[in-house]
Structures are given as structure tokens and as C-alpha cells.
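Engineer: sequence plus predicted model, see below.
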Amino acid sequence: MLLPRRDVMRSALALAAAACAPTQAAPQRVRFVGYPFRLGVASGYPSATGFTLWTRLAPSPLEEGGGMGGTGVEVGWEVAEDEAFGVVVASGRIGAFVENAFSVHVDVTGLRPGRWYFYRFMAGDEVSPVGRSRTAEQPGQGIDRFRLAFGSCQHFEHGYFAAHRHLHDEDLDLMLFLGDYIYEATWGKDLVRAHVGDEATTLGDYRIRYGQVRTDADLQRLHGAVPWLMVWDDHEVDNDWAAAQSEHLDPRFLERRAVAFQAFFEHMPVPRAWFADASKLYGSVAFGDLVRLYMLDDRSYRDRQACPRPGQGGSTVVTEAACAERLDPKRTLLGSAQEAWLDQAFGASKQTWNVLGQQTLMTSGSRGVGGDRTFWTDGWDGYPAARGRLLESMRKKKLTNPLVLGGDIHAAVVADLRLDPEDPSSPVVAAELCGSSITSQGGTPEESAQAMREHPDVRYANGWQRGYTVVELTPEAAVARVRVVDEKRVDSGIETVSTWRVEAGRLGLTPG
Ligand code: FE
Ligand code: CA
């Protein structure tokens, strides 16, 4: 359980107190050692009536405890129709407590569908930066154009967040982050900045890591400008973890996972309900009749990676002959409950576009040819039966215009996704767009060329440049632009390197 019961109760009491004894309550004499909103503000998970607002009081985010004393502070919040807060349409007070690093999550309701709002927080005499968020359109409410972007893998040491600065200027309706928001450890070459602390293992470590990443001005601005949806991948906890198992079979891994999850929640605009007892991070969000998004968690419920090295967990690379376990039809990547939910949700969708936000490449990433082909056991290639069930569910439920988005592999990939990605005669069932990394180091042009050569379904592959992908949805078409930066330069420009189109009602990608 992430939120200590006590905290839930105290938050509930604080809310109840705010509801019955509002504005004339004696002003608190709260003083901070510095500006308490140094981590900015954020919003996420829009519905037709609201969204979740986030902030965390941390005048010294790089210190254990964030520079906060005491056990709790009352925080006010306001949502307005205008940036000057002339028309405040929702407001309240909530407690920020030491148990949750003085973070605040407000699930705002009662707003009007399909419009933008402004929000801010107050604590003591201090006021946060103003954030901007939007509600979703309700069913039947038309949407001419919806623009989303997705990113993943932002190793703080590997580069600057120029990608986030440019994402801020993309006029987005929604930002998706598909995992590796932090990295627990240092790796790679040509590092441009340094983590505070070594490998994160404790609650204090993870909090400082999130705090440091979120001090980045470009990332902070993007969080404040547009609502986000997010899922985690492995590095929010530890490389290659699988459900209750860690890469090195740490017997205390579940304790580490629990504190890593808690720190994630403390820093993300995720609704309280999503995290209540089971750390559930999968679910669906819809915008009118145009688009439904399914955010999936492929880490928490998976079978461990097939054929691990002796005495180890984690991933490896195997041939078909060397690892029969990989092909076991019972193996799962999403877990049975999430699979069943998704199958049901596919059947219920009425939206034109159905977008899966998940962690990794879904089409085949095998290397080599014939019997010598090798498969990486951490991605969908390590769980081909589970992949088959998901794609078959899409087809059986006649899911309209599925788009599969992913990250993790530090390469932008555009692919026609077949029911069986290893069989070129099997039908195309979806379009796949895997995003590059925001900063994390990738591969070489030669490796990308090899992937395209060995997989004709892979229409585009770019593992040597960092960036993100923007997808513009209309009732007629989806247009995806792969955008790249030079992550080693703070002032990097932005460039579109590839553009792809999917016509509504027609499967398959076309250039341009
Ligand atoms: Fe990554
Ligand atoms: Ca990853």
C-alpha cells in the first residue's frame, strides 16, 4: 500500500475541515526556508469533468526531506477559467504531509468538458507557478484535431531536456510518458550532468532523484503546460525487474519496489484512486468520440524473463532452439487481470482512434535470420504468446484504428504490426510507433539499417538520434512526426526526420 492509511485519513479530515470551515479560518503562520514550489506544478489524467493536480512542497529538493520541517502543511488550490484567476471555478485546501514528502494530489471534479483551465497552489505566503490543463470532451462532443506526443527514457546524465522545451511549443492536448522517467543508476558515456547520489535504493534516494530531475526548467514547464498520462518501466525501480523479482534476485526487492513506487506517486499527477491499494497504474482515458487511450503496465504483473542466466534474474538474448520457455503459451506480460480488462475495454470502445500507451516495442525486434535469429527476453519478443493474445483481442473485438505507442529501446521505430510479427503472411492489425528516448543513449545507424533490412514491416528505424514523436489525430487520419534534437546541447534546435500517415478505417502506414 502506497498511501499510509493515516495519511489518507488525515487528508480526508483536512478536506472535510476545509469544506465546513473555509475562508475565514485563521491564516497559518507557515514559513519555509526557501520558495516551496521549486518543483513546479503538474496535471494529469483528464476526464470530462476534471483532472488531477499535483505539486510537492520542497524548498531544497536535493536534500533528504526536501528542506521541509514539521509533519504537515495546509495547501490551498484554485482552478480558474482565466490565467488572471478572475473566474475561479473550483478551489479547496488539502494537507501535505511528511509521510508523502509533502506532495499534494487533488482530483478536481465538477469542471466543464473539453476546455482549458488554469490552476495554482498556495502555502503560507507563497504562491506556485500557474499551470494549465484541460478536461476531456464528453461523448458526442466533436473534436476537429487532437495533438498528443509521447516520450520515454530521460536519463538525466545523458543529455539536456531540449526535447521537453520543444514539446512545450508543440501545442499539445496531451503528453504521454512511457517509462524510464528516472534512472536508478549511472551508466553510459559522454555524460553532461551528474546525479546527486549513487544508485537509488531507499525512499530518500528515489525522492532526491525525482526532485533533481524535476528541477529541470524545461521538464517543469512542460508539466505545467499540458496534462500528462504516464506509465513506469524498469528504471523507475531497477533495471529489468519483473513483478516481484529483481535482476539480481535481491531477497528484499519488494521493499525496494514499494519505496520506488511511493516516490513515483509522490512526484506524478496520477489520481489517488489509481494507486489506492494495489499500485495500479493501468487504465483508460477517452476524449470525446475521437480517441481512447489505454495506458498499460507491463512490469508489475509479468512472468519473469525466460531462460535467465544461472543464478540471476533479468533479461538475456536467446535463440529459439536455446530457450523453449520463451514460447510457453501460458506466459504473460500484462498479467491475467490486466489482459482481461483490456480485452473487455477493446470491446466497449466507441472511439475512432484507439491508442495503446505501453513500454516497449511490440513488433519483432529479433536479429539475424533463420534458426540463428536471436530474441531479447525483456520485451514482447520474450512473451510472444502474450503478444499474440493482445493482438488477437484487438482483431476479435474489431478495435477501430489501433495505434500502438512504445518506448524503452531508445530508437524511433515505425512499423506495420502483424497479428504474428514473425510471420510476413499474417495480417496487419495495427500501426506501431515506438518513440526514441528523450536523452538516453541509443544505437548506431548500422543497427537501425539492419533492423529495417531484416524486418520489412519496420518502415523506419532511428536509434542514433534522441527526441519524441508527435501524433495529430483528426476524424480522417493520424499523422505522426518523428522529431529529433541534439541532447548534448542545452540550446538544441528541433527537426522532423520522418512523417507517417494512417487513414482512418484503413490499416497500414503510408509515408508523408
Ligand atoms: Fe530506457
Ligand atoms: Ca526500459
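Structural biologist: Yep, that arrived. Ligands and ions are numbered 1, 2, ... in the order given.
Engineer: residues from the protein in reach of ligand 1?
Structural biologist: The chain comes close to ligand 1 at residues 153, 180, 440, as judged by C-beta under 5 Å from the ion. Any C-beta I mention is one placed from the backbone N, CA and C, and that applies to glycine too.
Engineer: quick one: secondary structure of the second one?
Structural biologist: This points to Asp180. coil (DSSP: H, G, I helix; E, B strand; the rest coil).
Engineer: list phi and psi for the residue in the stretch 1-150 of the chain positioned nearest to ligand 1.
Structural biologist: Of all residues in the stretch 1-150 of the chain, Phe150 sits closest to ligand 1, at 13.6 Å by C-beta to the ion. Backbone torsions of Phe150, given as degrees, to the nearest 10, read phi -140, psi 150.
Engineer: same question, Arg252
Structural biologist: Taking degrees, to the nearest 10 as the convention, Arg252 sits at phi -100, psi 20.
Engineer: cool, Ser393 as well?
Structural biologist: Backbone torsions for Ser393, taken as degrees, to the nearest 10, come to phi -60, psi -40.
Engineer: any idea how far it is from ligand 1?
Structural biologist: 27 Å (C-beta to the ion, to the nearest Å).
Engineer: just the pLDDT for that residue.
Structural biologist: Looking at Ser393, its pLDDT is 98.
Engineer: ok, back up a step: so can I have CSV of the residues of the chain next to ligand 1 showing pLDDT?
Structural biologist: What follows is the residues of the chain next to ligand 1, written out as CSV (pLDDT from 0 to 100):
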residue, pLDDT
Cys153, 98
Asp180, 98
Ser440, 98
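Engineer: picking up where we left off before, gap between the residue of the stretch 1-150 of the chain closest to ligand 1 and Leu167?
Structural biologist: Separation of Phe150 from Leu167 (C-beta to C-beta, to the nearest Å): 10 Å.
Engineer: which neighbours do those two have in common?
Structural biologist: Common contacts of Phe150 and Leu167 (C-beta atoms under 8 Å, 6 or more residues apart in numbering): 175, 468.
Engineer: how about the residues of the stretch 401-512 of the chain near ligand 2?
Structural biologist: Residues of the stretch 401-512 of the chain lying near ligand 2 (C-beta under 5 Å from the ion): Asp408.
Engineer: in the stretch 401-512 of the chain, what residue is nearest ligand 2?
Structural biologist: For the stretch 401-512 of the chain, C-beta to the ion, closest residue to ligand 2: Asp408, 4.1 Å.
Engineer: over to the stretch 151-300 of the chain?
Structural biologist: Asp233 (4.0 Å).
Engineer: that residue against Asp378, yeah?
Structural biologist: No. Assessed by C-beta atoms under 8 Å, Asp233 is found out of contact with Asp378, at 9.9 Å.
Engineer: so what sits against both of the two?
Structural biologist: Thr360.
Engineer: ok, how many other residues are close to the residue of the stretch 151-300 of the chain closest to ligand 2?
Structural biologist: Asp233 is flanked by 25 other residues according to other C-beta atoms under 10 Å.
Engineer: find the residue closest to it in space, skipping its chain neighbours.
Structural biologist: Nearest residue to Asp233 in three dimensions, chain neighbours excluded: Gly179, at 2.7 Å (C-beta to C-beta, 6 or more residues apart in numbering).
Engineer: and the one you found, what does it touch?
Structural biologist: Going by C-beta under 8 Å, 6+ apart, Gly179 touches 152-153, 231-236, 359, 407-408.
Engineer: try 6 Å this time
Structural biologist: 152, 231-233, 359, 407 (C-beta atoms under 6 Å, 6 or more residues apart in numbering).
Engineer: do Val192 as well
Structural biologist: Residues counted as contacts of Val192 (C-beta under 6 Å, 6+ apart) are 159, 488.
Engineer: list the contacts for the closest residue to Ser436 other than its chain neighbours?
Structural biologist: The shortest distance from Ser436 to any non-neighbouring residue, by C-beta to C-beta, 6+ apart, is to Ala412 (4.1 Å). Contacts here follow C-beta under 6 Å, 6+ apart; on that basis Ala412 touches 436, 462, 482.
Engineer: please redo it, this time with the cut-off set to 7 Å
Structural biologist: 434-436, 462, 469, 482 (C-beta atoms under 7 Å, 6 or more residues apart in numbering).
Engineer: likewise Thr499?
Structural biologist: Per C-beta under 7 Å, 6+ apart, neighbours of Thr499: 479-481, 512.
Engineer: just those: which are in strands?
Structural biologist: Of the contacts of Thr499, the ones assigned to strands by DSSP state E are 479-481.
Engineer: between those residues, which sits nearest Leu333?
Structural biologist: Nearest to Leu333 among the ones in strands among the contacts of Thr499 is Ala480, at 24.3 Å by C-beta to C-beta.
Engineer: looking at the residues of the chain next to ligand 1, which is nearest Asp457?
Structural biologist: Nearest to Asp457 among those is Cys153, at 22.9 Å by C-beta to C-beta.
Engineer: tell me the secondary structure at Met452.
Structural biologist: Reducing the assignment at Met452 to three states with three-state DSSP gives helix.
Engineer: for His166, that is, sorry about that
Structural biologist: helix.
Engineer: that one: how many residues sit nearby?
Structural biologist: 22.
Engineer: just give the closest residue to it, not the sequence neighbours.
Structural biologist: That would be Ile494: by C-beta to C-beta, 6+ apart, it lies 4.2 Å from His166.
Engineer: what helices or strands is whichever strand or helix holds Phe261 leaning on?
Structural biologist: Here Phe261 sits within helix 253-267, counting by DSSP states H and E. Under the contact definition 3 or more C-beta pairs under 7 Å, 6 or more residues apart in numbering; DSSP states H and E, helix 253-267 sits against helix 203-214.
Engineer: how about the CA coordinates for the helix or strand that comes right after the helix it packs on, as CSV?
Structural biologist: Next along the chain after helix 203-214, taking DSSP H and E as the criterion, comes helix 217-225. Taking Å, rounded to 0.1, in the frame of the first residue of the first chain, the C-alpha atoms of helix 217-225 are listed here in CSV:
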residue,chain,number,x,y,z
ALA,A,217,13.2,24.0,-16.0
ASP,A,218,12.2,22.6,-19.4
LEU,A,219,10.6,19.5,-18.0
GLN,A,220,8.9,21.6,-15.3
ARG,A,221,7.4,23.9,-17.9
LEU,A,222,6.0,21.1,-20.0
HIS,A,223,4.4,19.5,-16.9
GLY,A,224,2.8,22.9,-16.1
ALA,A,225,1.5,23.4,-19.7
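Engineer: who are the packing partners of the very next helix or strand once past helix 217-225?
Structural biologist: Tracing the chain past helix 217-225, the next element assigned as helix or strand by DSSP H and E is strand 228-230. On a contact count with 3+ C-beta pairs under 7 Å, 6+ apart, strand 228-230 meets strand 41-44, strand 174-177.
Engineer: which other residues reach stretch 361-380?
Structural biologist: So stretch 361-380 is contacted by 240, 305-307, 315-321, 326, 333, 360, 381-382, 387, 404, 406, 408-409, 413, 415, 417, 421-422, 432, 434, 454-455, 457-458 (C-beta under 7 Å, 6+ apart).
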